[in-house]
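In: Here is my input, please return the structure:
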Amino acid sequence: MATYSAAERLRYLRGMVVKKKRQTWRSLLGAGVVAVIATVHVQGQGALPSQDGASSGGAASAGSPQGTQVQGQQIPMPWPMKIGLQSFQVSMRLPVVDQVVLVPDAATYLDEIGRWDLRGRWPVLIEDAKYAPMFVRAFKPARVVRRPSMGSLPAGRAEREALAQQAIIHAWTVPGKDMSPKTPAEAYAAVGFQPFGAMFASMDDPAWTAAVALTAGRGQAPFWVAGSLGQPSDTLASEQYRTLAQQVEDAVRSTGLPSMQLGDAIDAVTICLSMPLKADPPRGSRAQAVPQGLPSKAGEPVATVDGLCRNEDGSRWAVASNIFGDEVRSAYVAMSSLFLAPRSAWLINTYAADGEWAKYGLTNAASLLRTAQFDVFELSGAKASVVGWLNMLMSGCKAEVMFMNSMGNMDFFKMWQEVECFPEDVPVLHHPLALHLIHSWSMTSAQVRETVGGRWLESGTYAYAGSVYEPYLVAFVPPEVVAARAADLMPFLVASRWLEGPIDATWRVTLFGDPLMVLPPPSQPRLPRVPPPELDAAKGEKDLRADARAALVAAKGSGAAADYATAMSDVVRGGDDSLAIQLWTLAASKGDDVRAACASSALGPLFRAREADAFLSAYKALASPSPVEQDMLWQLWTQQLGSIKDPETLAWFAKQVRPVRPFVDLGRLAPEIKRVSGSNAALEAVGAWLLKEQSESNRTRLKELMAKIP
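Out: Have a look, this model is predicted:
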């Protein structure tokens, strides 16, 4: 990754000023941001209703987002902290019901979101075997509810938009009150609330599931668009880029709210659409101008969202981000942003502790996060070697927030001393993750799992700051600054962006996720959740965990593989890994049919518990392992291959090599085959893949590997 010394010096000059301002506010907030939040109120700007629909009142206090009094002098609150406090205030004031509702399809999802109101809201996910269980494990609800399908959404886009609008409106009303707003703006106004974010989405794009939930959950101004902008790996042409920027600006202006300066009403914009993450900057435009002195060439793009929401002089009037993906993952991204409160942070530092790289180290960030009482795990220096990384992968990644720096490209990343890892080495996640990744090109083809960024997103990352091209090191806000900002309740993605001055030009770092998502320090207390109501029998609601117990009883009585499979699936989706492992032990003793029926559901719990032998038994029962199941196999077993003495077991592993980059697994397996069975056996294992390999780059790698074996 290239350095940029002149801008670095500018950044540190500005950073000193920012740091002084931050320290001033930290001293004012003292040990508890929550003391400020408890009194935060701005009538007409983010003012929140009580549960009966009445707008909260009272005089502005020292903790108001407008500012605070210090020795008789009014000090304005920095606008990024203000929107963070407003966002957190919404989450603190709107009750959360202690349940997760799983739905089978998009129509039922929208219907369930439409049941939110000012008395309570709760996570809603489209049921699957991956993202929903991951969220449930992190959220730990008192109850998991499963709903049957209520049919399909209307075919017409206008009808679907009307349903989405109605769900958003209902979320900001109180049933039984004399309110009949016809638009979200009227619903907000009726309770004295003013939006501080804007949402752009299309009901023809699957990311609408994130848009509806985030608009209803945050109280944002929604805008429905038509047409397609392209794929994340595409590059937006300069004229399209200029048009998009103008459309976003015109739409936000249409709200009538002050919005063209930072610190006014609308300071965050989310675009829930599949769109090119790179754009060709219009020549001669100051609004999307690249940083002064950047050695850019014609055809070299910038990050699309970083050039949006800027005035003609290039100054920023809001921070923009993007969410793309299918309906299932997009819903998961929204629910993770709205309802989770991360407590664990991992910091992975592969940079040397000297020169420009040292300025982007993670030690100070780790210290700040520890002070905020995050549970911090740090891997740095020689410990951040490939061996240290692979050891960490053995049961998956337990982090909920991660800061990482590395060098590399879209299809590899380097650990300590520049030794390569690959997308195959992106960890399988235990929980939803917010990620700040200093790395070149990671998000350039972010919809493709065989890239670094694509693998992180597929694995369950719901908030991501990363580059779409060669970014230049200074394009990234140093982790220490991001961590300090986030600890002060600045939204995580906003904290990851340069925000003012000459350094705030259009860089090549994109933001994925909800720009209003904050990371409240674990040291701050949380409001208790509301107990869930009685199940609605008319809607066919069922308690998933009760169903799992009933299925287990049925399985023990019938002995049928299908009953065992149902019980295993329900236990895992209910978030109980311990019970799932016990159930696997029972199922595995019931014969091949039961073992095969339960194996896929059992793999995740066995992997997370590092039950290596039991995992291998379940894996061998699979008819056709999925790519994620293959990742779990190799991440759990790579560092244990050296303990295998049986030639047949090593030969079996040679048949499980992941085909996209076979040299990755074979490079780690071949030395163990040589150890147990000799050089010829190792050469045969690699040669068998070489004979069928079509990719010239892979063939070259395999030949290099064979040359190292004798």
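In: Next, give phi and psi for the closest residue to Thr585 other than its chain neighbours.
Out: Nearest non-adjacent residue to Thr585, counting by CB to CB, 6 or more residues apart in numbering: Ala614, 7.6 Å away. C-beta coordinates here come from the backbone N, C-alpha and C atoms, glycine included. Phi and psi for Ala614, reported as degrees, to the nearest 10, are phi -70, psi -40.
In: Helices along the stretch 101-250 of the chain, start to end?
Out: 106-113, 131-139, 157-171, 184-190, 208-218, 238-253 (DSSP state H, counting those that start in this stretch).
In: So Leu125 sits against Tyr332, correct?
Out: Yes - between Leu125 and Tyr332 there is a contact under CB atoms under 8 Å: 6.0 Å.
In: Touching both of these two, which residues are there?
Out: Overlap of the contact sets of Leu125 and Tyr332 (by CB atoms under 8 Å, 6 or more residues apart in numbering) consists of Tyr131, Ala132, Phe135.
In: Generate a PyMOL selection restricted to the buried entries among these.
Out: Command for PyMOL, covering only those of those found buried under the criterion 16 or more other CB atoms under 10 Å:
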select buried, resi 131+132+135
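In: Now flag whichever of the shared contacts of Leu125 and Tyr332 is closest to Tyr241.
Out: Comparing those against Tyr241 with CB to CB places Tyr131 closest, at 31.6 Å.
In: from memory the closest one sits against Gly460, does it?
Out: Yes - if you go by CB under 8 Å, Tyr131 and Gly460 touch, sitting 6.6 Å apart.
In: Can I get stretch 588-605 in PDB, CA atoms only?
Out: Below are the C-alpha coordinates for stretch 588-605, written out as PDB (Å, rounded to 0.1, in the frame of the first residue of the first chain):
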ATOM      1  CA  ALA A 588     -24.600 -40.100  15.700                       C
ATOM      2  CA  SER A 589     -25.400 -43.300  17.700                       C
ATOM      3  CA  LYS A 590     -28.600 -43.900  15.800                       C
ATOM      4  CA  GLY A 591     -27.200 -45.100  12.500                       C
ATOM      5  CA  ASP A 592     -26.100 -43.700   9.200                       C
ATOM      6  CA  ASP A 593     -29.400 -42.300   8.100                       C
ATOM      7  CA  VAL A 594     -29.900 -40.200  11.300                       C
ATOM      8  CA  ARG A 595     -26.200 -39.100  11.200                       C
ATOM      9  CA  ALA A 596     -26.500 -38.000   7.600                       C
ATOM     10  CA  ALA A 597     -29.700 -36.100   8.300                       C
ATOM     11  CA  CYS A 598     -28.300 -34.200  11.200                       C
ATOM     12  CA  ALA A 599     -24.700 -33.600  10.100                       C
ATOM     13  CA  SER A 600     -25.000 -30.300   8.300                       C
ATOM     14  CA  SER A 601     -26.800 -28.600  11.200                       C
ATOM     15  CA  ALA A 602     -24.300 -30.000  13.700                       C
ATOM     16  CA  LEU A 603     -21.200 -28.700  12.000                       C
ATOM     17  CA  GLY A 604     -21.500 -25.100  13.200                       C
ATOM     18  CA  PRO A 605     -21.800 -25.900  16.900                       C
END
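In: If you count neighbours, what's buried in that stretch?
Out: 588, 590, 594-605.
In: Over to stretch 684-704?
Out: Quick answer for stretch 684-704 (16+ other CB under 10 Å): Ala685, Val686, Trp689, Leu690, Glu693, Asn698, Arg699, Arg701, Leu702.
In: give me the element the spatially closest residue to the last one that is not a sequence neighbour is part of.
Out: Looking back up the chat, that one is Leu702. Once flanking residues are discounted, Leu702 sits nearest to Leu690: 4.6 Å by CB to CB, 6+ apart. Using DSSP states H and E, the element containing Leu690 is helix 679-692.
In: Show me what that helix is in contact with.
Out: Here helix 679-692 makes contact (CB under 8 Å, 6+ apart) with 647, 651, 654, 657, 662, 666, 669-671, 673-674, 699, 702-703, 705-706, 709-710.
In: which regions of the protein sit below the pLDDT cut-off?
Out: Residues of the chain meeting the criterion pLDDT under 70: 1-75, 178-179, 284-298.
In: so who does the residue most central in space within it touch?
Out: Centroid-nearest residue in the chain, with CA atoms, centre = their mean: Tyr462, separated by 1.2 Å. Contact analysis of Tyr462 by CB under 8 Å, 6+ apart lists Tyr332, Val333, Ser336, Ser337, Pro432, Leu433, Ala434, Gly513, Asp514.
In: Go through stretch 457-467 and flag the buried ones.
Out: Counting neighbours by 16+ other CB under 10 Å, stretch 457-467 gives Leu457, Glu458, Ser459, Gly460, Thr461, Tyr462, Ala463, Tyr464, Ala465, Gly466, Ser467 as buried.
In: Okay, and which of those map to strands?
Out: Thr461, Tyr462, Ala463, Tyr464, Ala465, Gly466, Ser467 (DSSP state E).
In: any idea how far stretch 496-508 is from the chain center?
Out: 22 Å (CA atoms, centre = their mean, to the nearest Å).
In: Pull out the buried residues from that stretch.
Out: So for stretch 496-508, counting by 16+ other CB under 10 Å, buried means Ser496, Arg497, Trp498, Leu499, Ile503, Asp504, Ala505, Thr506, Trp507, Arg508.
In: Can you verify my assumption that the fourth one contacts Ile83?
Out: No - between Leu499 and Ile83 no contact is recorded; they are 11.5 Å apart, counting by CB under 8 Å.
In: Show me where the stretch 601-710 of the chain has its helices.
Out: Under DSSP H, counting those that start in this stretch, the stretch 601-710 of the chain gives helices at 612-620, 627-637, 647-655, 662-677, 679-692, 696-708.
In: one step back: would you turn the contacts of Tyr462 into TSV with secondary structure, neighbour count and distance to Pro471?
Out: Formatted as TSV, the contacts of Tyr462 follow (DSSP: H, G, I helix; E, B strand; the rest coil; neighbours: other CB atoms under 10 Å; distance: CB to CB, whole Å):
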residue	secondary structure	neighbour count	distance to Pro471
Tyr332	helix	26	27
Val333	helix	31	23
Ser336	helix	29	25
Ser337	helix	29	24
Pro432	coil	25	25
Leu433	strand	27	21
Ala434	strand	27	19
Gly513	coil	27	18
Asp514	coil	32	22
